[in-house]
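Engineer: next come a sequence and a model predicted from it.
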Amino acid sequence: RVLSFYLSYVAIMAINGVTEAFFNATASASQQRRYAVYTTVISLGYLLMAFELSNWFGVLGLIASNAINMILRISFCSVHISSYFANFHMASKTAWIQQALPRPPTIASFFVMAALAAMTHKHLLHRMGLITQRKGIQLLKQVALPML
């Protein structure tokens with residue numbers, strides 16, 4: 001359960017990295033100063049939230065507070081990105097999001113690759129006796145959990 005929460009958080013971190021990189025590349029000095037103040041304020045809120053949520057939910061609370069912090073940072077940068085692209089006379093302020101998303105054939109290929117990976121796992125590893133479900137869970141505990 002912790003691993004699935006953490007993997008969701010990794011995806012949020014990736015989005016935050018892209019939006020912050022774009023913001024830092026295109027924002028003026030005054031906009032960057034405003035962002036520094038914003039991140040300072042939400043960092044203070046994050047400290048309180050991390051303390052409380054980790055007391056209530058343990059590690060999951062800490063991951064959730066980190067995710068909320070990243071989402072707030074993404075929101076700030078997304079507002080800047082929308083106004084930046086509005087200067088290019090796009091149809092709407094959210095048109096940049098639609099253009100940034102993968103096209104349907106790309107999304108379909110993700111699902112095909114996921115299905116192929118699942119079939120490979122089932123047929124090659126389980127049927128050939130290379131790995132059993134119990135061994136897979138043990139391996140996951142030995143490798144993945146110490147990383148958390």
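Structural biologist: All right, it came through fine.

Engineer: what's the mean pLDDT across stretch 24-38?
Structural biologist: Along stretch 24-38, the predicted local confidence has a mean pLDDT of 95.

Engineer: before we move on, what about stretch 47-63?
Structural biologist: When pLDDT is averaged over stretch 47-63, the result is 90.

Engineer: in that stretch, what counts as buried?
Structural biologist: When neighbours are counted by 16 or more other Cβ atoms under 10 Å, the buried residues of stretch 47-63 are found to be Met49, Ala50, Leu53, Ser54, Gly61, Leu62, Ile63. For every residue, glycine as well, the C-beta is placed using N, CA and C.

Engineer: with just CA atoms, put stretch 63-82 into PDB.
Structural biologist: In PDB, the C-alpha atoms belonging to stretch 63-82 read as follows (Å, rounded to 0.1, in the frame of the first residue of the first chain):
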ATOM      1  CA  ILE A  63       3.600  10.900   1.500                       C
ATOM      2  CA  ALA A  64       0.200  12.600   1.200                       C
ATOM      3  CA  SER A  65       1.500  15.900   2.700                       C
ATOM      4  CA  ASN A  66       4.400  15.900   0.200                       C
ATOM      5  CA  ALA A  67       1.900  15.300  -2.600                       C
ATOM      6  CA  ILE A  68      -0.300  18.100  -1.500                       C
ATOM      7  CA  ASN A  69       2.700  20.400  -1.300                       C
ATOM      8  CA  MET A  70       3.700  19.400  -4.900                       C
ATOM      9  CA  ILE A  71       0.100  19.900  -6.200                       C
ATOM     10  CA  LEU A  72       0.100  23.500  -4.700                       C
ATOM     11  CA  ARG A  73       3.400  24.200  -6.500                       C
ATOM     12  CA  ILE A  74       2.100  22.700  -9.700                       C
ATOM     13  CA  SER A  75      -1.000  24.900  -9.400                       C
ATOM     14  CA  PHE A  76       1.000  28.100  -9.100                       C
ATOM     15  CA  CYS A  77       3.200  27.200 -12.100                       C
ATOM     16  CA  SER A  78       0.200  26.200 -14.200                       C
ATOM     17  CA  VAL A  79      -1.400  29.600 -13.700                       C
ATOM     18  CA  HIS A  80       1.800  31.100 -15.100                       C
ATOM     19  CA  ILE A  81       2.000  28.700 -17.900                       C
ATOM     20  CA  SER A  82      -1.600  29.400 -18.900                       C
END
